[in-house]
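**Student:** No sequence on hand, only this structure:
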Ligand code: NAD
């Protein structure tokens, strides 16, 4: 019997609906080719939910997401300077919906791939020889612990205003993130690098201890460690040395933006947030781009590659994911470009045409 999967679809705001439409088109073509079925349930979140229901995420929307095998999302939010959504108190704004859904679904691991495509390497800001080598890495960032979730306060000590933020991890939080990283490495080039600051921080020393133990259960995966200051340098010097980078929340926040920037084309990058089971929320790394919304000129590739990640990491349909990744590479080789990645001599296409061309190549 063919497999059938229930996908929650958050089209969201701005360019969200336009790029999700292309991702669904490509998903349908991939499912047809590989003989499985996808059913879609629309879920409102963000500004569109505020307009309909007065809140960025309803309980019904959370239930619909929980009833899905995975959720594919466009993006949410609007222009903070002009949109009425940002006149509301922070807990009612579009982004509050995203924070709540991450919490409700227990999404503790954030995956951010960073890939330099041969055809787009002129946009890479790194040295020519480094760009020529290319790179394809993924950062697995712990998303729900560490400094951003620790106790924090500002107090007056001995007449001086003093601010305190605390960074704490327990071994269970580290272990589950480490398992994710090693499982992902098995689907890639079998190499995990733990990035930490173990020469200074107790929390980093615990990360090393726990991750080293997890690594023992994965004899086929090469495991090494690197201090975060060195990792920041190595990402610009020789990103090709990395396959899977595993790191805690704040280091991951910073390094994943650095890793995105060195590709030179952030509109191409997908992301995923995963929980303890195979469930995940998949979305482009970029935002809702209100400046170009509704014009059919947004780049749908980040959304399409998010769909590919969903097939790989939540649905175990690796062959269909490979098909999509190959189709994206082929469409770039064939010279198709949306406005944001256009260069002279290429064929400039609209959002829907880019989706058509990728679907055609499956
Ligand atoms: P943004 O990523 O939306 O836009 C930054 C620039 O990149 C803009 O010039 C935009 O046109 C361009 N861009 C982004 N995606 C593109 C694409 N697919 N194709 C072509 N060009 C693209 O960032 P911003 O302007 O800082 O944020 C806009 C809104 O998005 C805000 O409300 C912000 O809160 C929200 N946001 C949402 C998410 C999310 O849904 N997870 C993430 C980041 C930002």
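**Tutor:** Yes, it's here. Quick caveat: nothing in here was measured; it's all calculated off a predicted structure.
**Student:** What values do phi and psi take at the single nearest residue of the stretch 51-200 of the chain relative to the ligand?
**Tutor:** At 2.5 Å from the ligand, residue 77 is the closest residue in the stretch 51-200 of the chain, using Cβ to the nearest ligand atom. Any C-beta I mention is one placed from the backbone N, CA and C, and that applies to glycine too. Note on residue 77: its backbone torsions stand at phi 110, psi 170 [degrees, to the nearest 10].
**Student:** What does the pLDDT read for the nearest residue to it once chain neighbours are set aside?
**Tutor:** In space, and not counting its chain neighbours, residue 77 is closest to residue 94: 4.4 Å by Cβ to Cβ, 6 or more residues apart in numbering. Looking at residue 94, its pLDDT reads 96.
**Student:** what are the phi and psi angles of residue 94?
**Tutor:** Backbone torsions of residue 94, given as degrees, to the nearest 10, read phi -50, psi -40.
**Student:** quick one, what contacts it?
**Tutor:** Residue 94 is in contact with 13, 45, 46, 47, 50, 56, 76, 77, 78, 85, counting by Cβ atoms under 8 Å, 6 or more residues apart in numbering.
**Student:** which residues touch stretch 155-162?
**Tutor:** Stretch 155-162 has contacts (Cβ under 8 Å, 6+ apart) with 154, 164.
**Student:** Around the ligand, pick out the residues from the stretch 201-350 of the chain.
**Tutor:** 267, 283, 286-292, 298-299, 302, 340 (Cβ under 6 Å from any ligand atom).
**Student:** Put the buried members of those residues into a PyMOL selection.
**Tutor:** Selecting only the buried entries of these in PyMOL, with 16 or more other Cβ atoms under 10 Å as the criterion:
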select buried, resi 267+283+286+287+288+289+290+292+298+299+302+340
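**Student:** ok, so of the residues of the stretch 201-350 of the chain next to the ligand, who is nearest residue 21?
**Tutor:** Using Cβ to Cβ, residue 298 comes nearest to residue 21 of these, at 10.7 Å.
**Student:** sorry, back to before: with pLDDT and neighbour count as added columns, please give the contacts of residue 94 in JSON lines.
**Tutor:** What follows is the contacts of residue 94, written out as JSON lines (pLDDT from 0 to 100; neighbours: other Cβ atoms under 10 Å):
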{"residue": "13", "pLDDT": "98", "neighbour count": "27"}
{"residue": "45", "pLDDT": "98", "neighbour count": "29"}
{"residue": "46", "pLDDT": "97", "neighbour count": "29"}
{"residue": "47", "pLDDT": "98", "neighbour count": "26"}
{"residue": "50", "pLDDT": "97", "neighbour count": "25"}
{"residue": "56", "pLDDT": "98", "neighbour count": "28"}
{"residue": "76", "pLDDT": "96", "neighbour count": "31"}
{"residue": "77", "pLDDT": "96", "neighbour count": "24"}
{"residue": "78", "pLDDT": "96", "neighbour count": "22"}
{"residue": "85", "pLDDT": "97", "neighbour count": "22"}
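**Student:** So which of these belong to helices?
**Tutor:** Among these, DSSP state H puts 47, 50 in helices.
**Student:** so which pair among the contacts of residue 94 is furthest apart in space?
**Tutor:** Spanning the widest gap among these are 45 and 78, at 13.2 Å by Cβ to Cβ.
**Student:** sec struct for the residue of the stretch 201-350 of the chain found nearest the ligand, please.
**Tutor:** Nearest residue of the stretch 201-350 of the chain to the ligand (Cβ to the nearest ligand atom) works out as residue 287 at 2.5 Å. Per DSSP: H, G, I helix; E, B strand; the rest coil, the secondary structure class of residue 287 is coil.
**Student:** contacting residues around it?
**Tutor:** Residue 287 is in contact with 14, 75, 77, counting by Cβ under 8 Å, 6+ apart.
**Student:** With residue 237 instead?
**Tutor:** residue 130 are the contacts of residue 237 under Cβ under 8 Å, 6+ apart.
**Student:** Quick check: nearest residue in space to residue 142, chain neighbours excluded?
**Tutor:** Nearest in space to residue 142, with sequence neighbours left out and distances taken as Cβ to Cβ, 6+ apart, is residue 177 at 4.4 Å.
**Student:** If anything else comes up later, I'll come back, but that's it for now.
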